[in-house]
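Trainee: 3D model of this:
(2 chains)
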Amino acid sequence: MHTKVRVQSTINGEPQEFLCEPRQSLLECLRDILGLTGSKEGCNDGNCGACTVILDGRVVTSCLVLGVEAEGSEITTVEGMAKGNKLHPLQQSFLENAALQCGICTPGFLVAAKALLDQQPNPSEDEIRLWLANNLCRCTGYDKIIRAVKQAAEQMQEVNA
Amino acid sequence: MKGQEYTVIGTRPLRHDGVDKVTGRAQYGADFQMAGLLYGHILRSPHAHARIRRIDTSKAEQFPGVKAVVTADDFPQVAERIVDLGEGDTPLSYARGNVLAKGKALYKGHAVAAVAATSVHAAEEAGGLIEVEYEVLPCVLTAPEAMRDNAPIVHEDLKTKEFGKKTDRVSNVSEHFRHVMGDVEAGFAQADVIVEREFHTATVHQGYIEPHNATALWNNDGRILVWCSTQGAFVVRDVTACLLDVPVSRVRVTPMEIGGGFGGKIPVYLEPVAALLSKKTGKPVKIVMSRKDVFEGTGPTPGSYIRVKIGARKDGRITAAQGYLAYEAGAYPGAMVGPGAMCVFAAYDISNVVIDGFDVVVNKPSTAAYRAPGATNAAFATESVIDEIAEKLGMDPLDFRLKNAAKEGTRRADGPKYRRVGCVEVIEALKSHPHYSAPLGGPHRGRGVAIGFWFNVGLPSSCTISVNADGTVNLVEGSTDIGGTRTSLAMQAAEVLGISAEAVRPTVVDTDSVGFTAVTGGSRTTFATGWAAYEAAQDILRQMKERAAKIWETDAASIMVERGVFRWGDKSMTFQELAGRLGQTGGPVVGRGAVNPRGVGGSFSGCIADVEVDPETGKVTILRFTSVQDAGKAIHPSYVEGQMQGGSVQGLGWALNEEYYMNEAGSMMNSSLLDYRMPTALDLPMIDTAIVEVPNPGHPFGARGVGEANIVPPPGAIANAIYRAAGVRMNRLPMNPPAIMQAIWSQRD
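Mentor: Numbering: from 1, shown residues only, chains lettered A, B, ... in the order given. Just a heads-up that it's a prediction; the model follows:
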């Protein structure tokens, strides 16, 4: 049996401490140890983006990060996007634009799009497409997702203006 | 309610399950947890075709954390019989054999044994300790190869059915059927132009982002409880009960949220295995497939070999059409060549037709439905030939299609005669769309069009509705919701009741809690389960009228109701007011709807695609894309658009990139989402949509069902666009850069 390692990190603004096996991915730790099942496993090799989280300001696929690597880091998952009862503008915009069908890829898209808008508040369609090319959606053909991200960006800029 | 103005139908309310899906709270199958859970792992055959000589599980059983190992021998050994498990008749041994191989492994990835352990890693490691002795056999991978006289035989007991009758011939052709209408020879004799071409299409996968999963608990009372992601909870119930030889009432299936299906989550793979492991251990067992398992161990859609011959007169009328469709069923019969044959010429009014269909087994995963299954392969062939004839006749490709378009009264070669259909309207909408006349704006660019058809299905559905004292209602239904059908059903109930969509709370429930409901498939949910919701709402209105009659001391027949207001003489009461008085007038009101509707209305779809072909690399860039589809009546237009966009893009992936790339030993060489190249956001333009509404006379609101027809036209349209951009007619899918360069080079030679 493997000895477990203690990991301390900040997840969605809250300090967290958990025990994991050295071989467990961050995705496994989030889902199976911490109960944060919003991050999804679609491929377990970094190609679908359904497990996307923000790790110390960088967008990562959490299936390709080991749990032990999260020591001392700050992590944002889809569960950390809404503030209290208020949805993040991206979450609201995805709903209003019907930007999800089955919804399994949605958490990954929302987190990736949040990271984009955090650093580029007014992205062009091409920039959105390039940024979101790491996330696969098989239901929507991306059209309504692109629209939703644009609309959220516009709304966030209006609020900030 | 035809011809009325609707208050809810045609609007765009937010989906009822939306907040849970944007916050990460929605519980999909893999998210399911319960105390004492064990994790399962499936060991799969590394060979495409091999006799299983011996399986030794002893080392695996001794591995730390392992609680049980099962093989096909753990299934109850019941006598062979024909069973219908929701997808037509099949021998029980085939249904069971695809879940765990017995005697032979028929494809690489075929499940051979399964382990349950205290962690998923322990189960995986133990799986590697199961010793299987294989005798590797020659494999056969494509329909044309498998149909040769000296081909390796996949099933030694499979006798060919020819024109509906069993023969004594053992071969890989499970069935050969033929549809004949008119006199095809005479038809070709009248033609001024005849084009005959052959086409090959690769095996492709539905590519849902959520892998298959199942948790099962064989409870101490003998009941088998299942939680899984499926398109049809009742199919899972019936298959699990059948393979485990228990009555259906012993199995309860709870459908979790489902992360895409497109037909691929109708077949049952994991649930009976998880149940066997649970029986051995007394604990709940969860199995989740890896992406590689999904590619290699679940049903993709058939690769195919197709020949199409069409003749037309100078005036542009088609005189005859002949089709030869050989589809790869994979390891077990059932290649969806039947639907392919129904759809191959379905968009055209042709008097003289012959269609031959061949269902051919090969050493690849047993195929499953994929969005208009069989139709996309066939339409790629037909729409390419139609385009070539239009060119030879000097006609605009849409004018040629319009001149021959199927309409009310057109008979298809497989029998049915169309009621009111929207084929002409779809072609006219394509023609009048600004996209069709817009300049292409550069060299190496081309525009292609194509149309397609899917017949849609009805099948049984059940709903109940209960009225809350605050004037809202709870809608309980059995159709798993893959793309917003909770809302499209709630809207139909709301329209009848005269309340808002938000005042209906829809819930998808387990198989103990609602009447039988067939799969979410065949574009049927909004049509058929929507109809059940309509009936349940009508039942509510009938009962509510009785309550109003009680209050007003009159008879129910004299109560009028319109848009949620009950009236009698000068008295009136809203639905909400009356709902608040149910307690004093006899207690709760519960309505029910259980239907098995006829009146299915097929859906036509078409598209315009602009491409640029790089003459140096063969890369195709999609510049602009427009999808048109007849929805009958669009219940929720945003979701109709979403189906059109999603189906179109799946068709584009099929056209340009996607394929099972097999080596000679029958091993899939690209079983990851890096190498199996589905379209990303970067590969696509915006997908424009135009909804055509030719109401279906067979549905209370005119709905047809829109899930599938949209995937059918894109490969043909892209092929036709590539021809105009690069001068080469592509006859093979996918039309990836190597294929296009090869076509360009061979034309230069």
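
Trainee: can you tell me which residues contact the closest residue to chain A within the stretch 351-500 of chain B?
Mentor: Per C-beta to the nearest C-beta, residue B:483 is where the stretch 351-500 of chain B lies closest to chain A, at 3.8 Å. Backbone N, C-alpha and C define where each C-beta goes, glycine included. Residue B:483 is in contact with A:101, A:102, A:139, B:639, B:642, B:643, B:646, B:707, counting by C-beta atoms under 8 Å, 6 or more residues apart in numbering or on different chains.

Trainee: What of residue B:97?
Mentor: B:72, B:103, B:106, B:332.

Trainee: where's the closest residue to the second one other than its chain neighbours, which helix or strand?
Mentor: Okay, so that is residue B:103. Nearest residue to residue B:103, sequence neighbours excluded (C-beta to C-beta, 6 or more residues apart in numbering or on different chains): residue B:52, at 6.3 Å. For residue B:52, the host element (DSSP states H and E) is strand B:50-56.

Trainee: Am I right that residue A:62 is in contact with residue A:53?
Mentor: Yes. Under the criterion of C-beta atoms under 8 Å, residue A:62 makes contact with residue A:53 at 4.8 Å.

Trainee: Around the residue nearest to residue B:103, count how many other residues there are.
Mentor: A total of 21 residues lie near residue B:52 under the criterion other C-beta atoms under 10 Å in any protein chain shown.

Trainee: Please report how far it lies from residue B:424.
Mentor: 55 Å (C-beta to C-beta, to the nearest Å).

Trainee: Kindly report the same for residue B:516.
Mentor: For residue B:516, the distance to residue B:424 - C-beta to C-beta - is 37 Å.

Trainee: distance of residue B:154 from residue B:111?
Mentor: Taken as C-beta to C-beta, the span from residue B:154 to residue B:111 is 17 Å.

Trainee: Neighbour count for these two, which is higher?
Mentor: residue B:154 (27 against 22).

Trainee: these two touch, right, that one and residue B:362?
Mentor: Yes. The pair residue B:154 / residue B:362 is scored as a contact, 6.7 Å apart, by C-beta under 8 Å.

Trainee: Return the list of helices and strands in contact with the longest helix anywhere in chain A.
Mentor: Longest helix in chain A by number of residues (criterion: DSSP state H): helix A:143-160. If you count contacts as 3 or more C-beta pairs under 8 Å, 6 or more residues apart in numbering or on different chains; DSSP states H and E, helix A:143-160 packs onto helix A:89-96, helix A:106-119, helix A:125-131, helix B:637-656.

Trainee: just the angle between that helix and helix B:637-656, please?
Mentor: Orientation check (axes from the mean of the first three to the mean of the last three C-alpha atoms, to 10 degrees): helix A:143-160 against helix B:637-656 gives 130 degrees.

Trainee: Now do helix A:143-160: everything it contacts.
Mentor: By C-beta under 8 Å, 6+ apart, helix A:143-160 touches A:89-90, A:92-94, A:96-99, A:109, A:113, A:116-117, A:121-123, A:125, A:128-129, A:132, A:137, B:638, B:641-642, B:645, B:681, B:684, B:686-687.

Trainee: Can you tell me which of those are buried?
Mentor: A:89-90, A:92-94, A:96-99, A:109, A:113, A:116-117, A:123, A:128-129, A:132, A:137, B:638, B:641-642, B:645, B:681, B:684, B:686-687 (16 or more other C-beta atoms under 10 Å in any protein chain shown).
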